[in-house]
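Undergrad: using only what follows, build the 3D model:
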Amino acid sequence: MARLCILTPKPDYPEDWQSRAAQFSTLFGDDLAFRCWQDAGDLSAFELTLPLLAWGYNLAPDLWYQALDAWEAQGLHFANAIPLLRWNTDKTYLLSMADQGIRIVPTRHSPCLTDADLAEARAAFACDAVVIKPAISAGAEGTFVLSADAAIPFDVLERAMLIQPLMRAIQEEGEFSLFYFGGQLSHAILKTPASGDFRVQEQFGGREVAVEAPAPARALAQAVLDAAPIAPLYARVDMVRDAQGQFCLMELEAIEPALFLNFASDKGAAFANAVRAQLTA
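TA: Coordinates of the predicted model:
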């Protein structure tokens with residue numbers, strides 16, 4: 001019987017998650033089963049559960065939080081602890097990271113986004129172009145760049161949103177992602193957007209290349225992991241340089257990060273080993 005479970009979206013989810021599932025099946029073989037996170041059923045027979053493909057949770061946050069509460073009440077063992085998943089769901093965790101001395105992309109939180117919030121943010125950031133994104137989001141859903149005279153898109157008006165300055169380094173250099181398994185750095189990539197865009201995700205034309213993580217990037221990533229409320233078994237740390245060339249945290253992804261195992265020199269062996277070590281811990 002399978003010892004591991006990876007949570008997925010529903011089979012008809014509009015994005016291709018099956019190819020990612022096939023990668024995990026190659027790594028874990030018969031030890032692995034898949035369950036839809038929205039209708040997972042009884043997970044108690046699995047020794048370890050990973051929400052690595054729980055896509056769409058950000059579109060149904062109430063259901064997601066209810067599921068986390070239910071799994072926690074059942075005492076289920078998740079690779080990344082359920083309290084960490086709950087904390088990582090809402091990106092206002094960035095503000096708590098800043099309070100702990102982590103250098104983050106400057107961020108303001110609006111519980112109900114208005115033009116006044118944008119004006120205050122532009123004044124605080126001393127810039128015209130700002131990025132807005134939902135506090136609970138994934139894959140750049142609901143993320144926009146707004147110039148000084150741009151109206152707030154209707155679908156995010158008066159929603160809980162984060163406001164950040166547009167980081168020019170994303171278009172000039174790219175966004176760095178560092179991947180950690182069992183607390184150890186596995187690999188790093190540099191993600192760049194398509195010409196004229198600011199989003200680095202593949203569905204928007206973004207590209208990735210393997211890179212050697214610069215020492216300052218590794219230092220920031222380690223500080224971020226140390227500041228997390230619970231050490232993650234797997235994590236992706238996204239960062240970008242600011243105007244002074246210093247790395248700033250964009251996101252710590254500990255729920256369902258794309259792991260880009262094809263860029264790892266071992267093609268995911270370190271990830272698989274870290275997961276299997278949890279089975280015997």
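
Undergrad: show me what the residue positioned nearest the centre of the chain bridges to in the sheet.
TA: The chain has E253 as the residue nearest its centroid, 3.0 Å off, counting by Cα atoms, centre = their mean. Using DSSP bridges, the beta-bridge partners of E253 come out as R236.

Undergrad: these two touch, right, it and M239?
TA: No: using Cβ atoms under 8 Å, E253 makes no contact with M239, being 11.7 Å away. For every residue, glycine as well, the C-beta is placed using N, CA and C.

Undergrad: can you give me the helices in this structure?
TA: 18-28, 61-73, 82-89, 93-99, 115-125, 168-172, 215-227, 269-280 (DSSP state H).

Undergrad: for the fourth one, list the C-alpha coordinates in CSV.
TA: Taking Å, rounded to 0.1, in the frame of the first residue of the first chain, the C-alpha atoms of helix 93-99 are listed here in CSV:
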residue,chain,number,x,y,z
TYR,A,93,3.6,36.6,6.5
LEU,A,94,6.1,38.9,4.6
LEU,A,95,5.4,41.6,7.1
SER,A,96,6.2,39.3,10.0
MET,A,97,9.4,38.3,8.3
ALA,A,98,10.3,42.0,8.0
ASP,A,99,9.6,42.4,11.7
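
Undergrad: from the contact counts, what lies against it?
TA: strand 247-253 (3 or more Cβ pairs under 8 Å, 6 or more residues apart in numbering; DSSP states H and E).

Undergrad: any idea of the mean pLDDT in the strand it packs on?
TA: What strand 247-253 shows for mean pLDDT is 97.

Undergrad: contact partners of that strand?
TA: Under the criterion Cβ atoms under 8 Å, 6 or more residues apart in numbering, residues 88, 91, 93-94, 97, 102-105, 167, 175-176, 214, 216-217, 220, 224-225, 228, 235-242 lie in contact with strand 247-253.

Undergrad: which among the residues you listed count as buried?
TA: By neighbour count, with 16 or more other Cβ atoms under 10 Å, the contacts of strand 247-253 hold 88, 91, 93-94, 97, 102-105, 167, 175-176, 217, 220, 224-225, 228, 235-242 as buried.

Undergrad: picking up where we left off before, mean pLDDT and distance to V145 for the helices of the chain - can I get that in TSV?
TA: Converted to TSV, these look like this (pLDDT from 0 to 100; distance: least, Cβ to Cβ, whole Å):
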stretch	mean pLDDT	distance to V145
helix 18-28	95	28
helix 61-73	97	24
helix 82-89	98	24
helix 93-99	97	18
helix 115-125	93	12
helix 168-172	86	11
helix 215-227	98	24
helix 269-280	93	33
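
Undergrad: as JSON lines, these with distance to L190 would be great.
TA: Output for the helices of the chain, formatted as JSON lines (distance: least, Cβ to Cβ, whole Å):
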{"stretch": "helix 18-28", "distance to L190": "21"}
{"stretch": "helix 61-73", "distance to L190": "30"}
{"stretch": "helix 82-89", "distance to L190": "23"}
{"stretch": "helix 93-99", "distance to L190": "21"}
{"stretch": "helix 115-125", "distance to L190": "25"}
{"stretch": "helix 168-172", "distance to L190": "11"}
{"stretch": "helix 215-227", "distance to L190": "10"}
{"stretch": "helix 269-280", "distance to L190": "20"}
